[in-house]
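Engineer: attaching a predicted model along with its sequence, questions to come.
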Amino acid sequence: MKARVKMIILIALLAISVYSLTSNGASRVIVTGDNVTVEYSAWTGHHSFKTSNITFIVGAEEVIKGLDNAVLGMRSGGVKNVTIPPAFAYGVYDDQQVYEIPNAFFENLSLPVPVPGAVVEIEGHVGRIILGTEDSVVFDLNHELAGKELNMTVRVLSING
């Protein structure tokens with residue numbers, strides 16, 4: 001009789017443990033539509049970012065596609081290293097998004113001619129000056145990480161379905 005009572009208590013404790021794990025989301029995997037918070041570090045060959053936290057809805061196009069895809073199937077506390085191709089990160093570099101602008105354009109507006117590396121807005125378009133000469137500057141509308149493979153380490157901090 002005592003053995004049977006012990007067995008019932010053991011089964012009850014096991015059931016409570018399983019319920020506790022599943023009710024707080026620890027064993028639940030991330031699916032499209034979940035609101036998740038992740039910590040990530042990202043880097044390319046020569047450019048690294050500091051670790052950041054971000055909260056987003058999976059599949060809602062709030063983050064780059066590669067991060068959206070990376071978290072699918074992960075669990076709270078899970079860590080994953082991923083390599084994201086340009087098409088799923090900041091896009092493929094597009095030579096047609098590079099323009100040469102005469103320095104006179106800026107002088108006519110009484111603005112200083114921007115120097116290489118400057119981020120400027122020209123007629124509603126934000127881009128970087130990548131080259132400057134006596135006569136013109138080269139304005140690049142591509143994201144600075146366009147065309148680059150992105151590496152990420154992702155840790156899931158929380159899942160809210």
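Structural biologist: Yep, that arrived.

Engineer: what sits against the closest residue to residue 82 other than its chain neighbours?
Structural biologist: Spatially, and ignoring its direct neighbours in sequence, residue 82 is nearest to residue 70 (4.5 Å; CB to CB, 6 or more residues apart in numbering). (C-beta placed from N, C-alpha, C; glycine too.) Residue 70 makes contact with 80, 82, 84, 152, 154, according to CB atoms under 8 Å, 6 or more residues apart in numbering.

Engineer: let's go with 10 Å and repeat that
Structural biologist: Residues in contact with residue 70 (CB atoms under 10 Å, 6 or more residues apart in numbering) are 30, 38, 40, 58, 63-64, 80-84, 88, 152, 154.

Engineer: secondary structure class of it, three-state.
Structural biologist: helix (DSSP: H, G, I helix; E, B strand; the rest coil).

Engineer: can I get the contacts of residue 70 in CSV including secondary structure, distance to residue 101 and pLDDT?
Structural biologist: Shown next, in CSV, are those (DSSP: H, G, I helix; E, B strand; the rest coil; distance: CB to CB, whole Å; pLDDT from 0 to 100):
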residue, secondary structure, distance to residue 101, pLDDT
30, coil, 45, 97
38, strand, 39, 97
40, strand, 36, 95
58, coil, 40, 98
63, coil, 32, 97
64, coil, 29, 96
80, strand, 42, 97
81, strand, 41, 97
82, strand, 38, 97
83, strand, 35, 97
84, strand, 32, 97
88, helix, 31, 97
152, strand, 35, 96
154, strand, 39, 97
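
Engineer: having no further points to raise, I will conclude here.
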